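Novice: quick one: sequence plus predicted model below, questions after.
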Amino acid sequence: MSPDVLSTPVADQPVKTSGRAHTRARAARRRRILIAVVRALLLVAVLGLWEALSRAEVIDPFNFSMPSRIWDQISTWVTHGTALGSLGEQIWYTLHEALLGWVLGVAGGVVLGIALGRIALLADVLGPYIKVLNSIPRIVLAPIFVIWFGLGPASKVASAVVLVFFPVFFNAFQGAREVDRNLVANARILGASDRRVTFQVVIPSATSWIFTSLHVSFGFALIGAIVGEYIGATKGIGLLVAQSQGTFNAAGVYAAMVILAVVALLAEGLLTFAERRIFRWRPASGSDS
């Protein structure tokens with residue numbers, strides 16, 4: 001057999017590999033476009049049906065409002081402000097409370113979760129108390145926080161902290177427990193101390209578990225801030241909801257919900273971007289796309 005015959009498959013191999021990669025990338029791009037179009041059509045269909053049913057009075061437009069009125073309410077808030085001040089000020093007030101509560105809750109959940117995951121005695125002592133606290137409906141604590149800390153942002157931050165802490169804690173705890181024992185054993189064989197094992201093996205291994213909880217926990221932080229503002233506040237989106245409800249302004253309630261949804265989606269996008277930057281080594285899954 002001649003050398004040319006032997007070399008032909010080897011020369012063609014990079015071309016074939018590149019062609020397959022290009023085909024997969026094109027198929028993935030078409031799928032993303034299809035998903036975006038279907039999502040947009042679904043949203044348009046739901047909003048159009050809602051508008052049509054409200055205008056035909058199949059559903060009560062006073063109670064259920066309609067998308068056009070909600071859009072008018074948002075436009076009014078944007079251009080003329082709200083009764084509490086500018087819309088941007090209300091959004092920032094709520095977002096500031098949620099962010100601060102989220103940071104504190106995440107920090108506490110990660111530290112305590114890793115600590116209990118690494119120290120069995122600490123887990124045995126504190127475990128029952130954490131389970132009892134987790135069984136308490138956190139929303140009912142919001143009125144207590146208002147009594148303790150007043151109508152200022154402190155009570156809303158506290159509500160956000162207790163909602164964020166537990167999902168982050170349990171994920172960090174499970175992540176610390178699920179660390180590959182062979183990695184820990186190899187690190188100890190190489191002379192690593194407990195501190196180095198924790199910071200160089202356990203925490204990096206638990207990072208994916210922690211990031212999973214971050215996606216959910218920021219929504220909980222927003223809920224905590226909104227509930228606290230709804231019960232008692234001087235500013236914020238939650239107070240807008242309470243005022244709209246008090247004046248039977250259904251469009252105002254839905255408009256506040258839309259604004260919160262946009263804020264939550266933007267935060268989710270930032271977290272997803274950060275996660276992909278940190279975990280660039282991890283193969284993309286269907287959910288990531």
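Specialist: Received it, and whenever you're ready, just let me know what you need.

Novice: give me the pLDDT for the residue positioned nearest the centre of the chain.
Specialist: The centre of the chain sits closest to residue 215, judged by Cα atoms, centre = their mean, with a distance of 3.0 Å. We have a pLDDT of 76 for residue 215.

Novice: contacting residues around it?
Specialist: Shown in contact with residue 215 (Cβ atoms under 8 Å, 6 or more residues apart in numbering): 268, 271, 272. C-beta: built from backbone N, CA, C; applies to glycine.

Novice: ok, the first one to residue 122 distance?
Specialist: Computed with Cβ to Cβ, to the nearest Å, the distance linking residue 268 and residue 122 is 33 Å.

Novice: picking up where we left off before, tell me which of the contacts of residue 215 fall in helices.
Specialist: 268, 271, 272 (DSSP state H).

Novice: hang on, the first one packs against residue 218?
Specialist: Yes - the criterion here is Cβ atoms under 8 Å, and residue 268 meets it with residue 218 at 7.3 Å.

Novice: neighbour count winner among these two?
Specialist: residue 218 (24 against 15; other Cβ atoms under 10 Å).

Novice: which of the helices or strands spans that one?
Specialist: helix 203-231 (DSSP states H and E).

Novice: now for the very next helix or strand once past that helix, which elements pack on it?
Specialist: Using DSSP H and E, the helix or strand that directly follows helix 203-231 along the chain is helix 237-246. Secondary-structure packing of helix 237-246 (3 or more Cβ pairs under 8 Å, 6 or more residues apart in numbering; DSSP states H and E): helix 87-118, helix 203-231, helix 250-278.

Novice: and the angle from the helix holding residue 218 to helix 87-118?
Specialist: Calculated by axes from the mean of the first three to the mean of the last three Cα atoms, to 10 degrees, helix 203-231 forms an angle of 140 degrees with helix 87-118.

Novice: per-residue confidence for residue 203?
Specialist: 72.

Novice: show me the contacts for it.
Specialist: By Cβ under 8 Å, 6+ apart, the contact set of residue 203 is residue 114.

Novice: now swap in residue 257 and tell me
Specialist: Shown in contact with residue 257 (Cβ under 8 Å, 6+ apart): residue 241.

Novice: is it true that residue 117 touches residue 169?
Specialist: No - using Cβ under 8 Å as the test, residue 117 is too far from residue 169 to be in contact (9.8 Å).

Novice: burial count for residue 212?
Specialist: Neighbours of residue 212 using other Cβ under 10 Å come to 16.

Novice: what about it, distance to residue 168?
Specialist: Taking Cβ to Cβ, one finds residue 212 at 10 Å from residue 168.

Novice: still on that earlier bit, and the helix holding residue 218 with helix 237-246, angle?
Specialist: Using the same axes, to 10 degrees: helix 203-231 against helix 237-246 is 40 degrees.

Novice: helix 203-231 vs helix 250-278, what angle?
Specialist: Going by the same axes, to 10 degrees, helix 203-231 makes 170 degrees with helix 250-278.

Novice: quick one: buried residues of helix 203-231?
Specialist: 203, 205-207, 209-214, 217-231 (16 or more other Cβ atoms under 10 Å).

Novice: before we move on, the earlier item: which of the ones in helices among the contacts of residue 215 lies closest to residue 69?
Specialist: Distances from residue 69 to the ones in helices among the contacts of residue 215, taken as Cβ to Cβ, are shortest for residue 268 (27.2 Å).

Novice: which one is the closest one nearest to, not counting chain neighbours?
Specialist: Leaving aside its sequence neighbours, residue 268 sits nearest to residue 215 (Cβ to Cβ, 6 or more residues apart in numbering; 6.3 Å).

Novice: list the contacts for the closest residue to residue 241 other than its chain neighbours?
Specialist: In this structure, residue 241 finds its nearest non-sequential neighbour in residue 256, 4.7 Å apart by Cβ to Cβ, 6+ apart. Shown in contact with residue 256 (Cβ under 8 Å, 6+ apart): 237, 240, 241, 244.

Novice: for residue 151, see how far away residue 256 is.
Specialist: From residue 256 to residue 151 the distance is 19 Å (Cβ to Cβ).

Novice: try residue 170
Specialist: In terms of Cβ to Cβ, residue 170 sits 32 Å off from residue 151.

Novice: ditto for residue 210
Specialist: 33 Å.

Novice: ok, now residue 91?
Specialist: From residue 91 to residue 151 the distance is 19 Å (Cβ to Cβ).

Novice: okay, the two: which has more neighbours?
Specialist: Each of residue 91 and residue 151 has its neighbours counted (other Cβ under 10 Å); residue 91 has more, 19 against 16.
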